[in-house]
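>>> predicted structure and sequence below. I'll ask about it afterward.
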Amino acid sequence: MSDTDTLKPLRQFHAFTETLLELARANEWQAFEEKAAERERLIDAINDNQFLIEVAEAGLADSMRAEIAEIQTLNDEITELAEATKADIAAQLKQQNHQDKAIKAYKP
């Protein structure tokens, strides 16, 4: 089995994470949720004991660590984008609430 074949589940997870980052950058949160659910199904393959044994036996632990570090970097950026979007939505809601209160104050 080649290195590419051995690490395929992790590389698929990495590709899904890159797609999620692109969706987050585009503020496509509905599509993001759907793709995230698909990505979650890949976690079982990555956590599978047989997969981990194959990686170790193939001497690919360092490659796996590097791949996981890249995925974590992508996840960190996704988290930052999500937090920024959350803050924007909160600010918009706060503004809307102020406007609603102002309108009510001037209604006869």
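Ah, there it is.

>>> all strands of this protein, in order?
With strands called from DSSP state E, the chain shows none.

>>> what stretches of it score poorly on pLDDT?
1-3, 100, 102, 108 (pLDDT under 70).

>>> scan it for its longest helix.
Criterion DSSP state H: the longest helix present in the chain is helix 61-106.

>>> which non-adjacent residue is nearest Glu38?
Closest residue in space to Glu38, ignoring its immediate chain neighbours: Phe16 at 6.6 Å, by Cβ to Cβ, 6 or more residues apart in numbering. Heads up, the C-betas are built off the backbone N, CA and C, glycines and all.

>>> Trp29: neighbouring residues, count only.
14 (other Cβ atoms under 10 Å).

>>> residues in contact with it?
With contact taken as Cβ atoms under 8 Å, 6 or more residues apart in numbering, Trp29 is in contact with 23, 85.
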